[in-house]
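>>> Okay, structure incoming, though there's no sequence with it:
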């Protein structure tokens, strides 16, 4: 490919000099370009990356036209290039570095889409070009390293990336060597062992980041030697390669090709170029795992075929764009130092490369000849185990590893993976039974050395012959053998005390083999997979690294389930059945696979599947000899395991031993149980030490209802994992909370429940937070939990219960916890404002501010209150005051580094700018808000901003883009359960559909929106949607339906006005609604309006008028048989009579109301009426009947899980005291 070098050099603040020349020319041509011409494009490119990238073609065309100029030099250069294609090597100043040059579009297509000629933009750094390596017809050599540190989310599916790369290149000559450590220090050790040009490509996959504050440097999150996160800079990575750079580095992580601080700080990819790398690929922003994997697999396939890097990259762009339909294709950016590298290997021609045999193919079932281990595509997790096993095998301390554990846990699969990771070793595979003849036979079969064959005939001991063979009988002095003894438990037998021992005839063979490896002083190693641990001669015993393999957990278990059809998130299978099967499998991979087959059985009843799950679980236990093995053990050991089942997750040894402290010879039993696979022993981080867990597959009774045991366990873990730990994980906090609930440890349950629910609320996980609160309140009534419950319910649209729970939180909050009270008052103020109760909201905000100031938390309280008051001012039309308050809030948020608060304030300011018609400013503010929300993972904020940006697009006539953004917003709101956002987006999509003439779709969307608005009590949203529907019906000529809708609309507006205290306006709207309703004669609507007018009249003290209105309403309800309306009116009349002291009349009305509630099945209405009747009867001194009514009401409320139940209990307690007197 030809290269056209394009340099853009800043000559003045608003101008750049464009220099361009073909590589064969010594001189360049130049012209001056105005940056002002693309100033909008600079802003737009940054903005549109964050809102769905809907205008890629337009952006590409603007860039192309700006470069091409009036002289059309770029168009001519493309037209005149040869058929080999053209590389556009573009060098830019800082402010233009983040422009999407990959998007260049000539008005017909993106340049990268063309085949003749092929045009590929690359980012060029004008440095000395490294000398090209000598091409050979050989496999492409790739060194692959994934990073997946502990505690870093999301956990990437790097196993799938590796598998897909291997699968897509299986017919090409590609050799992928994997560095399992994920650690730069370990990578450096590996790199030094190989001569220059051993590896053509280094592929690094993981999370790329950019610092959020000065100096805004990029970094890649790698691992330490113990798996903890380490932020690796470009300089640190460069030290690994020193002067032995690969031809290409692929940084397969988000933002690795993005310049920081708006172009002022070099990207990680470009930094590596400056430090000596010939070529680096990176991604310009966040990228999907699937996109990154597809890009790498196709690129390596093309490079293995002998294409130049430029052509391979062009082919990759076309593949992503045309065949995969990937929107983010243009984020793949190639940086080159000097000349773009050509081909990395020669085209294979007639050379047909025979890939080495897959290690999995050694693990065959002798009967079925099927592979017994997970394939590359199926393999997941086991990262820390593999890292430790590999360190043991590669070091000089150990002769091999013993992988032991319960059946089905994946020991053989891990053994196969180890062989993959050590391709330099030739496996000597022995399945199950081991004896001298079998071992010698396996060694003889691979031996092509005459001396080696003769050694076996000598009259020496087995150990001596093996030693001599390993020293003198190898096919090559550098040959390295890996002895794999798989399913080794076949060589063991039980002793009378239940311990498993090696068979006597096997001991000599095993010890002879290990002795021979030690004596030969060669690199040969042993991998043993076995259900049980075993001991050898003490000298050899310590030369075998032992580690039990535990069940899958956490991210590894999620990945495994995603590879099984029945357990995938989008499976049609009943969620409860999925959960039941997962619990039954207990993380055991083989059992999960068995259950997957059961769940895939078509047309089977749920009850039958449940039975099948239990049968398969029992069959599996028998298959792994769990019951037989358990019955052979001492009763104290079995009791230890039973007590240990109180924990569902691995726990520190100290917690486990404390629970089992009364067991005699406890340490001996722990050692024995681990060796037999009856107790999992997990080597975690250095801070955690050893963790223990009893597999729930064991046929032991689980102590589910042992309160004291669970309470003790909760207290132990609370101390270890909360009080003594700096960073407890979510899984561990959930376990503490579970134990506290069962053990009725209220204080621990409340503390941990508050921490978890608060965290989940900030992550927009409202459904989980609500469930956590509900579970906690079943054990302890805590003000903090009521507070979190109110927040969750408000976000999920359960406004009635949210209001009650906020109030309960406030009532129960102790005087000394002033901070929590301030937060409750603030959130209650926000809630009141959303309900239209503005005066109360302002009063509560003022109270909240005062509370925060009183406890010295001035900034925290002030910023929240300022933001809230600004929103109220904006709603009241006092825009200047709102902007001033938002600005103050923004300044404080920036000062204290509160990103979520900053994003929220930017969002509100953008809304004001939109309403003022300042659209460019609004978009800029929304974009900044969106960037922050994406960075911190605030989904609710992201959904809201996408919604408003969609509205702007719709107003600008960009309907396709608007629908795309609305759809993104809708998906997020549905995922996190935000009904208010969902209702608003449905409303806006309905407007678009109506304008496009798709009336039926519009009506369906409006109807769904109204249902949601009614559910969450959003009268303003409901009123607006009613008006839109009424308009549609008017346009369709359906005047009757239109009048009904308009009447409902006026009714909603009247309620809003009444809530805001604007009584005259409310009455006027009710009257207008009544007048309109007279046209259609809807009696039920008229009755409802009269009822609402009566409420307003009563609140104004005009009782006689109110009673008259209630009576009219009741007459109409009786006329049409509307029992629910009549019951509500009777209830209100009873309340008036009670307030007037007319107790008998009040009781009569309440009794009638209750009878109607019973008739129509309104249990909530019945409960409310019973409370009132009970209190009235108590006033009359009839405590027996009063308490009977109160208890009946309490039963209903508890069944409904209503927060009112607590208040009723208090009333009952007070009533009982009075009755006793």
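Alright, I've got the coordinates. Remember, predicted model here, so these are calculated numbers, not experimental data.
>>> What ranges does the stretch 551-700 of the chain have for its strands?
651-652, 680-683, 690-693 (DSSP state E, counting those that start in this stretch).
>>> Against the centre of this structure, work out the most remote residue.
Most distant residue from the mean C-alpha position of the chain: residue 459, 64.3 Å away (CA atoms, centre = their mean).
>>> Please report how far it lies from residue 436.
14 Å (CB to CB, to the nearest Å). Heads up, the C-betas are built off the backbone N, CA and C, glycines and all.
>>> same check, this time on residue 1086
For residue 1086, the distance to residue 436 - CB to CB - is 101 Å.
>>> and what of residue 981?
From residue 981 to residue 436 the distance is 73 Å (CB to CB).
>>> same question, residue 1040
97 Å.
>>> More neighbours: which of the two?
Set side by side, residue 1040 and residue 436 show more neighbours around residue 436, with 16 against 11, by other CB atoms under 10 Å.
>>> Next, the contact list for that one, please.
Residue 436 makes contact with 462, 508, 509, according to CB atoms under 8 Å, 6 or more residues apart in numbering.
>>> Mark which of those residues are part of helices, please.
In this view, these that belong to helices under DSSP state H are 462, 508, 509.
>>> So which of the residues you listed wins on neighbours?
In terms of neighbour count, residue 509 stands highest of these at 24 neighbours, by other CB under 10 Å.
>>> pLDDT value on it, please?
At residue 509, the predicted lDDT confidence score is 95.
>>> Repeat that for residue 290.
Model confidence at residue 290, given as pLDDT, is 86.
>>> Likewise for residue 30?
In this model, residue 30 is scored at 85, pLDDT.
>>> Same check on residue 263?
At residue 263, pLDDT is 68.
>>> Could you check how far residue 37 is from residue 68?
As judged by CB to CB, residue 37 and residue 68 stand 12 Å apart.
>>> These two: which has the busier surroundings?
Between residue 37 and residue 68, counting by other CB under 10 Å, residue 68 is the more crowded of the two (19 against 13).
>>> Just to check, the more buried one is in contact with residue 79?
No - in this structure, residue 68 is not within contact of residue 79 by CB atoms under 8 Å, at 11.7 Å.
>>> Pull out the buried positions in stretch 415-429.
Going by neighbour count (16 or more other CB atoms under 10 Å), the buried part of stretch 415-429 is 415-422, 425-429.
>>> Reformat these into JSON lines and put distance to residue 487 next to each item.
Output for the buried residues of stretch 415-429, formatted as JSON lines (distance: CB to CB, whole Å):
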{"residue": "415", "distance to residue 487": "10"}
{"residue": "416", "distance to residue 487": "13"}
{"residue": "417", "distance to residue 487": "16"}
{"residue": "418", "distance to residue 487": "16"}
{"residue": "419", "distance to residue 487": "15"}
{"residue": "420", "distance to residue 487": "19"}
{"residue": "421", "distance to residue 487": "21"}
{"residue": "422", "distance to residue 487": "20"}
{"residue": "425", "distance to residue 487": "20"}
{"residue": "426", "distance to residue 487": "21"}
{"residue": "427", "distance to residue 487": "15"}
{"residue": "428", "distance to residue 487": "15"}
{"residue": "429", "distance to residue 487": "11"}
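>>> Tell me which of these fall in strands.
426, 427, 428, 429 (DSSP state E).
>>> and the third one, what does it touch?
Okay, so that is residue 428. 442, 443, 446, 481, 482, 483, 484 are the contacts of residue 428 under CB under 8 Å, 6+ apart.
>>> Which of these scores worst on pLDDT?
Where pLDDT dips furthest among those: residue 446, at 87.
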